[in-house]
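Enquirer: Pasting the sequence and the predicted model now:
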Amino acid sequence: QVQLVESGGGLVQAGGSLRLSCAASQRTVSDYPMGWFRQAPGKEREFVAAINWNGTSTYYSDSVKGRFTIFRDSAKNTVYLQMNSLRPEDTAVYYCAADRLRYGGAESRAEAYDYWGRGTQVTVSS
């Protein structure tokens with residue numbers, strides 16, 4: 001069973017930056033597409049960013065495009081989400097996910113993902 005563990009969340013002022021990490025328990029995850037999602041209080045979970053299996057293709061929601069960057073280090077079985085120019089509306093619990101379709105492409109649909117982390121809280125103050 002693949003385990004994903006997010007870290008790097010915290011409290012930051014608007015305009016600041018954070019880098020989230022998602023470490024996977026198994027080497028095989030390096031062949032899987034990965035994604036980041038978030039859920040704010042009282043709202044549904046929403047797609048943030050996704051990356052294909054080898055990091056050559058990425059996909060972002062319109063709300064974060066140009067501010068967030070997803071990238072991966074396969075040697076470390078880790079996916080990152082660099083978040084710049086943070087806004088109060090970015091406040092949410094952020095989850096990483098893995099799609100066990102080996103060598104697959106970046107995917108924005110939550111139902112495409114098979115493994116999920118427990119999340120890390122990001123709070124942006126105004």
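Expert: Perfect, I can see it now. Numbering: from 1, shown residues only.
Enquirer: Quick check: buried residues in stretch 56-72?
Expert: By neighbour count on 16 or more other Cβ atoms under 10 Å, the buried set for stretch 56-72 is Tyr59, Tyr60, Ser61, Val64, Phe68, Thr69, Ile70, Arg72. Just so you know, the C-beta spots here come from the backbone N, C-alpha and C atoms, and that holds for glycine as well.
Enquirer: For the fourth one, which non-adjacent residue is closest in space?
Expert: Going back to what we said before, that points to Val64. Excluding the flanking residues, the one nearest Val64 by Cβ to Cβ, 6 or more residues apart in numbering is Val48, at 5.7 Å.
Enquirer: How about the contacts made by the one you found?
Expert: Gly35, Trp36, Phe37, Arg38, Tyr60, Ser61, Val64, Phe68, Leu81, Tyr94 (Cβ atoms under 8 Å, 6 or more residues apart in numbering).
Enquirer: Please report how far the third one lies from Ala75.
Expert: Relative to Ala75, Phe37 is positioned 25 Å away (criterion: Cβ to Cβ, to the nearest Å).
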